[in-house]
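Everything below, folded, please.
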Amino acid sequence: MTEVVDRPTGNGPATGVPAATQQTAVQPAVDVAALGEQLLGKWAAARRQARALASQPELHKIEGLTHTDHRARAFGQLTYLVENNGVHRAFPSELGGADDHGGNVAGFEELVTADPSLQIKAGVQWGLFGSAVMHLGTAGHHAKWLPGIMSLEIPGCFAMTETGHGSDVASIATTATFDPETQEFIVHTPFRAAWKDYIGNAAVDGLDAVVFAQLVTKGVNHGVHAFYVELRDPGTKEFLPGIGGEDDGVKGGLNGIDNGRLHFDNVRIPRTNLLNRYGDVAADGTYTSTIASPGRRFFTMLGTLVQGRVSLDGAAVAASKIALTAAVRYATERRQFNASSHTDEEVLLDYQRHQRRLLTRLATTYAAGFAHEQLLRKYDEVFSGAHDTDADRQDLETLAAALKPLSTWHALDTLQECREACGGAGFLIENRFASLRADLDVYVTFEGDNTVLLQLVAKRLLADYAKEFRNVDFGVLARYVVGQATGAAIHRTGLRQVAQFVADTGSVQKAALALRDEDGQRALLTDRVQTMVADVGSALKGANKLPVEKGAALFNQHQNELIDAAQAHAELLQWEAFTEALADVTDPGTKTVLTWLRDLFGLSLIEKNLSWYLMNGRLSMQRARTVGGYINRLLVKIRPHALDLVEAFGYGDDHVRAAIATGAEKARQDEARAYFRAQRASGNAPVDEKVLIARASAGAAAKAAANSRPTRGQ
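Down below sits the predicted model:
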């Protein structure tokens, strides 16, 4: 769509652009409805149903509750979800589910708009506890426990993390030792650091738990497995003999969840409580598994629980959308400083710096959203069985580990920037920025610490690199490093910079055209990832042949570079997802605006890493200087479409629930402007002292000029 915009001179309206850039022109227009449909993605129906639920006051967070009252409210809200068919899509159809894995996650992540505590509380019950029984257990376990888990008759815990071991699950110290005499496993936490910690539902509500422990039988440790353990008496809610725990107490956020600690003192459970899909113990204590490799078995079991990372990625994107919807609405209404008019103040979003603060983050949110849709489709393909090979599962694990860190870090950054961009109003709890940021803070840590996840991605990148170059010598590796983009060793000689300067012929316009070209952006972003991986790969070549301590030391020397490479890889994935999404846009106006937004995202990544591109000879100084200028020009183009772009997110007032996003600010500003206009028109307005001073100065200057003129006859 396109629209003819006749922009007035003088200070522009709240939805316009600064006077200096206003002109009569044909502007592209965003088809908000069509874009909204695209953003809903494959599981639009599930998202709509979940958003309808999330709009209900019964599910909304009530600010200011004590953590005790918030916990009670959140637990009650789970019943509301059950009664409204909001959480069972992924469970088997014969038990009342829908075998819809993608739709389940799509709906679940929308609950963050109601209350992040509710989302995570539901995630603990059905996304972790229930999913562990479903994916790690077998038919008997499903029949025995899933109906009660689904109905909330059995509130449960997912007891993996220990005080002494968080992300390093393979090293947890809780043991489950098989006793063939009694046909029981003995679950035991041998020391304080082995206590299960930060466990949702552990402090108050959890009756049962899936407990992860080292399986020991016949004197052999077969690694981490999952066991179903009853925790509390259903009637009294007291811990059963041998089980104890503590309340984690008040946290920095998510206080609707009763996180706590659990410990086990030689607690006996039946042999059949081993969730034995991937490993089993016979009556005589013999261990068997369909997966011979202990390492592969461990990662296969944990891979079935990737749903948590996928849903956190989507929930973080949703929270960013909520924050930007509120902040952009406010920025198009709030006026501060009369920069271009003697009477009217400027709209915040007309200031370049404000555009930088919000529109660049809007671009990243779109990129993260499109990447999440690809992740969700991959997840559904694996768990529906459509594409469920080992390679598919590894790709899913790597993709989730790459995207979850970026989206959760971005959500915190966006919430903070939106808070600041709304001034003191942004700090009020009624506008939700501070509350959402507190609740989402822990998203960067649980379901895998972000830095650890990126290291997992880096190792996968290195493994792929090593596989490709396993049998080549160092000279070939060196040529690979310097020849990524051009096939010639010019990156470190300065020749590439000279070539760019000649191509640009000193023209800023030509340099900008090269940077905004899709292929040019892809080349720069891809080249950076490939070169970073190749550099580290070269440095680590042969590390596996060194003694363990020397190999570890060498790896540690390059750990930071590895994680930087993994982040660059994840950013490239987001850029590619955005670019691929553009191919599905049919409306010309929408496509133009989204292309500008994609370019803003890509060039913002290049600008952020400009030092790397300069130091590695990928950009000339001439071309590097144009990056910021072109970003600024993109901001001016995107500015008129900011409201449409956040409206396309599809969140109503019942989701945003920010007082500053209701139009109240516009009403206040209009009232103030009308008051001063009427005052000026009445002729009774007080005269500004500065006007009197200016008049006096002008009069004095005129008098002095008159006195200095020669009189007639002189």
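
so what strands line up beside the helix or strand where residue 176 lies?
Using DSSP states H and E, the element containing residue 176 is strand 175-179. According to DSSP bridges, strand 175-179 forms sheet pairs with strand 184-188 (antiparallel), strand 208-217 (parallel).

Quickly compare these and say which is most buried.
Using mean count of other Cβ atoms under 10 Å, the stretch among the strands paired with strand 175-179 with the largest mean neighbour count is strand 208-217, at a mean of 24. C-beta here means a position set from N, CA and C on the backbone, and glycine is covered the same way.

Keeping just the C-alphas, turn that strand into PDB.
Extracted as PDB, the C-alpha positions of strand 208-217 are listed here (Å, rounded to 0.1, in the frame of the first residue of the first chain):
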ATOM      1  CA  ASP A 208       5.500 -35.000  43.500                       C
ATOM      2  CA  ALA A 209       8.700 -34.400  41.600                       C
ATOM      3  CA  VAL A 210      10.700 -35.600  38.700                       C
ATOM      4  CA  VAL A 211      14.200 -35.800  40.300                       C
ATOM      5  CA  PHE A 212      17.400 -36.000  38.300                       C
ATOM      6  CA  ALA A 213      20.100 -38.200  39.800                       C
ATOM      7  CA  GLN A 214      23.100 -40.300  39.000                       C
ATOM      8  CA  LEU A 215      21.800 -43.800  38.400                       C
ATOM      9  CA  VAL A 216      24.000 -46.400  40.100                       C
ATOM     10  CA  THR A 217      23.500 -50.100  39.800                       C
END
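
Now do that strand, average pLDDT.
Strand 208-217 shows a mean pLDDT of 98.

And for stretch 108-119?
On average, stretch 108-119 scores 97.

what does it rub up against?
Here stretch 108-119 makes contact (Cβ atoms under 8 Å, 6 or more residues apart in numbering) with 47, 50-51, 53-56, 59-61, 70, 74, 77-78, 86-87, 122-123, 127, 253-257, 311-312, 314-315, 317-319, 322, 436, 439-440, 651, 655.

now stretch 298-308
For stretch 298-308, the external contacting residues (Cβ under 8 Å, 6+ apart) are 90, 101, 105, 123, 127-128, 131-132, 135-136, 169-170, 223-226, 278, 291, 379, 383, 393, 396-397, 400, 446-447.

could you redo the last one with a cut-off of 6 Å?
If you take Cβ atoms under 6 Å, 6 or more residues apart in numbering as the criterion, stretch 298-308 is touched by 127, 131, 135, 223-224, 278, 291, 393, 397, 400, 447.

ok, now stretch 398-409?
In this structure, residues lying in contact with stretch 398-409 by Cβ under 6 Å, 6+ apart are 306, 309-310, 312-313, 316-317, 368, 371, 375, 378, 443-444, 450, 453-454, 456-457, 460, 570.

What ranges does the stretch 101-250 of the chain have for its helices?
For the stretch 101-250 of the chain, applying DSSP state H, counting those that start in this stretch gives helices covering 101-110, 116-122, 131-136, 139-151.

Of all the ones you listed, which one comes closest to residue 608?
Residue 608 lies closest to helix 101-110 among the helices of the stretch 101-250 of the chain, at 27.0 Å (Cβ to Cβ).

Columns distance to residue 677 on top of the contacts of stretch 298-308, output as a markdown table?
Below are the contacts of stretch 298-308 laid out as a markdown table (distance: Cβ to Cβ, whole Å):
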| residue | distance to residue 677 |
| --- | --- |
| 127 | 56 |
| 131 | 61 |
| 135 | 66 |
| 223 | 76 |
| 224 | 72 |
| 278 | 74 |
| 291 | 77 |
| 393 | 66 |
| 397 | 62 |
| 400 | 56 |
| 447 | 55 |
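
which one among these gets closest to residue 540?
residue 397 (21.7 Å).

Please name the residues that touch that closest one.
If a contact means Cβ under 6 Å, 6+ apart, then residue 397 has 303, 306 as its contacts.

Look up which helix or strand it falls in, please.
Residue 397 belongs to helix 390-421 when assigned by DSSP H and E.

Just the buried positions in that helix, please.
Within helix 390-421, the residues that qualify as buried are 393, 395-408, 410-412, 414-415, 417-419, 421, counting by 16 or more other Cβ atoms under 10 Å.

hmm, which helix or strand of this protein has the shakiest average pLDDT?
Taking mean pLDDT, DSSP states H and E as the measure, the chain has helix 474-482 as its least confident helix or strand, at a mean of 43.

Find me whatever residue is spatially closest to the spatially most central residue of the chain, sequence neighbours aside.
Nearest residue to the geometric centre of the chain (Cα atoms, centre = their mean): residue 407, 1.7 Å. Leaving aside its sequence neighbours, residue 407 sits nearest to residue 316 (Cβ to Cβ, 6 or more residues apart in numbering; 4.1 Å).
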